[in-house]
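Asker: Could you look at this predicted model? Sequence included:
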Amino acid sequence: MLKLAVYGKGGIGKSTMTSNLSAAFALLGKKVIQIGCDPKADSTMTLLSGTPVTSVMDYLRGHDALPEDLSIITKRGFGHVLCIETGGPTPGIGCAGRGIITTFQLLNDLSLFDEEKPDVVLYDVLGDVVCGGFAAPIREGYAEHILIVTSGEKMALYAARNIVSAVSQFEDRSYASIAGILFNARNVPNEREKIKAFSTETGLPVLAEIPRSDVINTCEDRGMTVLEGAPDSAVATLFTDLAARLLTLPPKERLRKGPAEHRFQEGFLQ
Amino acid sequence: MRNAAAFLPSYASDTSGVASALYELGGMTVVHDASGCNSTYSTFDEPRWYDHPSFVFISGLTEMDAIFGQDERVIEDIVLAAKRLKPLFISICTSPMPVLLGSDIPAIATIIETRTGIPTFAIRTNGMNSYLAGASRAWEAIVRRFAEKEEKHGKPSANILGLTPLDFGMTGVGHSIGAWLEHEGFSVNATLAMGNNDSLSSVRALSKAHVNLVVSGCAMASAELLQERFGIPYVVGLPVGAFSETLSKALKRAVRHCESSPLSVDGLLEEKEDGTVIIGEGVFAASLAKALPGTSPASIHVPLEPLGLLNASDERLGLEDETKTEKAMAHAGLVIADPLYKRVAKRGTPFLSLPHPAFSGRMYARHVPVLTDKDLNAWIREALPC
């Protein structure tokens, strides 16, 4: 199973990248789950033609008990992708990070992975790693590889650097490691050179360059990914190629032989 | 309102269950919790604390640890203690605070194991479940990590799984059950995990047994794991009164046909006018209900996780609020329960005290009976006020 977490500055295009990748994996014949880890609960909208899934936090807000089965908090989207959104508290109150942890625990308790048996799982995570909850998707047993989305803009690269730094803190925890950079071009001056410099500085490969494209925006306006709305476009081909290459990523090597099994059996994961 | 109680205490928590289950196995148990709470796990809920040393610690979680996520401080403390004390394993479980903070305890365990070379594992607790859940997960983890494949030989042998002072007090019940097993033709291979003089080696040799006798719901998960890994069948029940004969037959059938028997509570959940109501841990209560002499039908009320019971999904079982407990006793001709339940029993209802240390702690510890040795008729006659 390929398990990817997508991080990057807010508004940089993480959900766009993630949804298009999900659609591309699906069209390559893979069984895909996309989990949006953002209180806004808007990660999977372009896979669902604009009709959102009930987020886990929305469900919990309105009910006094946990959902009894997965169908209440999941929805099938384009390419049969299973869409899930953690959602979060009302802005300004509560704890969104805790919401992500609660959602993941619930998905384990409902045996999501055993029931669905996916080939690919994508976690679309809010902005920076601001607290423990936002690192939950890269904990052992969840994502194995991290993709950092960035443009050549100063603040996007600043956020990307912070993410690299945060992940390096987790090396001895057997967390996910960074597979590389997804360059989402914004057409700022010397953008390609800036990304190249960042790649050299961090030692991370640039896995794909997605050019600024009106096709993406037009498809999003129609509630679609480019794989669905413009399957013959050049940018759709880019996502398909990227998905095919990501499928060849080797599983992450773990620090301790078999700890995942211990986690599973001790009740942390099902 | 769910799980509400005005007059009754709560049962010992899952963290106490972990500490109790692993107490004699030679490891170090760390509860990630604020300083001061160790008294709960190590003294109030642990009668062995005063005469049997064990490594049970609190991490001393502070406000700054919470804000800054200072896992490294906890890791360093545990590594330092482990290097000095050289435990055979390290288990880490959590109080509600780190659960709400989302501390990654399995990752902390991985780091500690890497640094010390000592097997280290996290046990999922939240301080809000009962001791049954904690002890169950602790034994499951220990069996998963240490039980080895061993050859069986000689006459049929049995493990006694599920012994902790939280259910049975310090009464020597393990010896009593062991003597009964010998009488029924089984040698005792190992016990989990009270009265284990050889600590972890007993766990390693659990697979030598032909059958597991599960005497408390605490041991259900480990019994299922031993069945899955080594093909050892299990039988659930406590050998008391007339039920001992049924249990003996079930054990022999289990060895012959490699067939497990969870404990059915069919007919024990219906309220019976003027009947006997037994309140307590499911395996204990159901075994006693099936063992009671006389014609008065017994029913059980299990205000805990119904582990080990065949009918575990029955909604009449499981954690409930005080008013339901009160209602369960309303039409009883006799109530058998921990003395603290008298507070919600109808005045004048005959009440037979059966102290349960996980509920009333040390208050009635000296009065916990060993029912496996008793003639139940005589016990009821002596214990009931005239």
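Answerer: Right, received. Where do you want to start?

Asker: my guess is residue A:16 meets residue A:45, correct?
Answerer: No. Using CB atoms under 8 Å, residue A:16 is not in contact with residue A:45; the gap is 10.2 Å. Yep, even glycine has a C-beta here, placed from its N, CA and C like the rest.

Asker: ok, how many other residues are close to residue B:185?
Answerer: In terms of burial, residue B:185 registers 13 neighbours under the definition other CB atoms under 10 Å in any protein chain shown.

Asker: That one: what secondary structure?
Answerer: Three-state call for residue B:185 (DSSP: H, G, I helix; E, B strand; the rest coil): coil.

Asker: Show me the shaky parts of chain A.
Answerer: Per-residue confidence for chain A (pLDDT under 70) gives these ranges: A:127-130, A:253-270.

Asker: nope, the stretch 201-350 of chain B is what I meant
Answerer: The model of the stretch 201-350 of chain B has pLDDT under 70 over residues B:294-296, B:318-320.

Asker: got the residues of it near chain A?
Answerer: Where proximity means CB under 8 Å from any CB of the partner chain, the interface of the stretch 201-350 of chain B facing chain A comprises residue B:225.

Asker: Does the residue nearest in space to the middle of chain B belong to a helix, a strand or coil?
Answerer: With distances taken as CA atoms, centre = their mean, the residue of chain B nearest its centroid is residue B:218 (3.7 Å). Classification of residue B:218 into helix, strand or coil gives helix, according to three-state DSSP.

Asker: Tell me who's in contact with the nearest residue to it once chain neighbours are set aside.
Answerer: Counting by CB to CB, 6 or more residues apart in numbering or on different chains, residue B:218 lies nearest to residue B:135, which is 3.9 Å off, once chain neighbours are set aside. In this structure, residue B:135 makes contact with B:14, B:17-18, B:20-21, B:164, B:166, B:216, B:218-219, judged by CB atoms under 8 Å, 6 or more residues apart in numbering or on different chains.

Asker: ok, 7 Å please
Answerer: With contacts defined as CB atoms under 7 Å, 6 or more residues apart in numbering or on different chains, the neighbours of residue B:135 are B:17-18, B:20-21, B:164, B:218.

Asker: Then residue A:160?
Answerer: Here residue A:160 is in contact with A:8, A:148, A:150, A:198 (criterion: CB under 7 Å, 6+ apart).

Asker: How about the first one: which residues does it bridge to?
Answerer: By that I understand residue A:8. In this structure, residue A:8 has beta-bridge partners residue A:149, where bridges are defined by DSSP bridges.

Asker: That one: how many residues sit nearby?
Answerer: If you count neighbours by other CB under 10 Å, residue A:8 ends up with 26.

Asker: Identify the residues contacting stretch B:314-327?
Answerer: Everything outside stretch B:314-327 that qualifies as a contact, by CB under 7 Å, 6+ apart, is B:1-8, B:269, B:279, B:282, B:301-306, B:309, B:311, B:344.

Asker: Which ones among those residues map onto strands?
Answerer: The strands, defined by DSSP state E, take in B:279, B:301 from the contacts of stretch B:314-327.

Asker: of the contacts of stretch B:314-327, buried ones?
Answerer: Listed as buried from the contacts of stretch B:314-327 are B:8, B:269, B:279, B:282, B:301-306, B:309, B:311, B:344; burial here means 16 or more other CB atoms under 10 Å in any protein chain shown.

Asker: in the stretch 51-200 of chain A, which spans are helices?
Answerer: Along the stretch 51-200 of chain A, the stretches classed as helices by DSSP state H, counting those that start in this stretch are A:56-62, A:96-109, A:112-116, A:132-135, A:154-169, A:191-202.

Asker: Could you identify which of these is most buried?
Answerer: Stretch with highest mean neighbour count among the helices of the stretch 51-200 of chain A: helix A:132-135 (a mean of 24; mean count of other CB atoms under 10 Å in any protein chain shown).

Asker: so how far is that one off the chain centroid?
Answerer: Helix A:132-135 has its average C-alpha position 13 Å from the chain's average C-alpha position, going by CA atoms, centre = their mean, to the nearest Å.

Asker: now for it, which elements pack on it?
Answerer: With contacts defined as 3 or more CB pairs under 7 Å, 6 or more residues apart in numbering or on different chains; DSSP states H and E, the packing partners of helix A:132-135 are helix A:96-109.

Asker: Tell me the spacing between the residue located most distally from the centre of chain A and chain B.
Answerer: With distances taken as CA atoms, centre = their mean, the residue sitting farthest from the centre of chain A turns out to be residue A:64, at 28.8 Å. Note on residue A:64: its distance to chain B, by CB to the nearest CB, to the nearest Å, is 9 Å.

Asker: how much space between the residue nearest to residue B:218 and chain A?
Answerer: Remark: distance between residue B:135 and chain A (CB to the nearest CB) = 13 Å.

Asker: Same question for residue B:157.
Answerer: Distance, residue B:157 to chain A, by CB to the nearest CB: 26 Å.

Asker: so how many other residues sit close to that residue?
Answerer: By the criterion of other CB under 10 Å, residue B:157 has 18 neighbours.

Asker: Please name the bridge partners of it.
Answerer: Here residue B:157 sits in beta bridges with residue B:187, going by DSSP bridges.

Asker: Run a quick check on it versus residue B:212, I expect a contact.
Answerer: No. Under the criterion of CB atoms under 7 Å, residue B:157 is not in contact with residue B:212, lying 10.3 Å apart.

Asker: sorry, back to before: could you identify the buried members of the contacts of residue B:135?
Answerer: Of the members of the contacts of residue B:135, the ones counted as buried by neighbours, 16+ other CB under 10 Å, are B:17-18, B:20-21, B:164, B:218.

Asker: Just the ones of these in helices?
Answerer: If you go by DSSP state H, the buried ones among the contacts of residue B:135 have B:17-18, B:20-21 in helices.

Asker: could these go into CSV alongside distance to residue A:215?
Answerer: As requested, these are arranged in CSV below (distance: CB to CB, whole Å):
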residue, distance to residue A:215
B:17, 58
B:18, 56
B:20, 63
B:21, 60
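
Asker: of these, closest to chain A?
Answerer: Lowest distance from chain A to those (CB to the nearest CB) belongs to residue B:18, with 10.8 Å.
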